[in-house]
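Engineer: mind looking at a prediction? Sequence and model below.
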Amino acid sequence: MKRFLVLTVLSLILILGCGEESNLVPPAGANGLPLSNVRLIDLIGIWEAQEAEFTVIGSSPTQRLEMVQSGGTVSLEVSGDGRFTIIIRRSNSDSQIITGLFEIDRGVFSVFFDTAPSTPSAWTALLSANQLSMAGPMDYDFHGQGLSVPVQANLNLIKQ
């Protein structure tokens, strides 16, 4: 019995000691959507990507582009009402401008793109000091030919 009690106490110490959750992966809410640790007021301003990866959804083989490493830039500007503009500049072509609205409701971060204003996209958004990590689906002219395709965007941004 004494051995069982010691093991139980040690197990509790391990569980409680290791219970601190990582800020890199948000927990899922009751509806299964990822939760965010940001507030809309935290997003207001101009952000520049340190990393911006776009992966074509459903492509085989996987088609992936890291915009910053390949000489491009990605910037995000957010106004007080949640309206945003993303400017994606490839090193060898014109910019693509994507606009829409950010909404945060009970921790769920939703993106409404102006191309489909009635269809929310659930994104993750995690803020740590002046660094914002965002990920979610969007349409992007991946091949630079004027035709947008569904991609998974992963953005790591620094507030300017």
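Structural biologist: Nice, I can see it. Here the structure is a predicted model, which is why all the values come from computation and not from measurement.
Engineer: could you list the residues in contact with stretch 119-132?
Structural biologist: Residues outside stretch 119-132 that contact it (Cβ atoms under 8 Å, 6 or more residues apart in numbering): 23-24, 26, 33-34, 36-38, 42-43, 47, 103-104, 108-113, 133-138, 155-159. All C-beta spots, glycine's among them, are computed from the backbone N, C-alpha and C.
Engineer: which among these end up buried?
Structural biologist: 26, 33-34, 36, 38, 43, 47, 104, 108-113, 133-136, 138, 155-157, 159 (16 or more other Cβ atoms under 10 Å).
Engineer: so which of those residues are in helices?
Structural biologist: Members of these lying in helices (criterion: DSSP state H): residue 43.
Engineer: buried residues in stretch 80-90?
Structural biologist: Per 16+ other Cβ under 10 Å, stretch 80-90 contains these buried residues: 82, 84, 86, 88-90.
Engineer: from the contacts of stretch 119-132, which land in strands?
Structural biologist: 47, 103-104, 108-113, 133-138, 155-159 (DSSP state E).
Engineer: and residue 135, what does it touch?
Structural biologist: Contacts were defined as Cβ under 8 Å, 6+ apart; by that measure residue 135 touches 123-124, 152-155.
Engineer: dump those residues to a markdown table, plus pLDDT and distance to residue 63.
Structural biologist: Output for the contacts of residue 135, formatted as a markdown table (pLDDT from 0 to 100; distance: Cβ to Cβ, whole Å):
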| residue | pLDDT | distance to residue 63 |
| --- | --- | --- |
| 123 | 93 | 21 |
| 124 | 92 | 22 |
| 152 | 97 | 11 |
| 153 | 97 | 13 |
| 154 | 98 | 14 |
| 155 | 98 | 18 |
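Engineer: are any of those buried, and which?
Structural biologist: The buried subset of those (16+ other Cβ under 10 Å) comprises 123-124, 153-155.
Engineer: list just the nearest of these to residue 54.
Structural biologist: Nearest to residue 54, judged by Cβ to Cβ, of the buried ones among the contacts of residue 135 is residue 153 at 5.6 Å.
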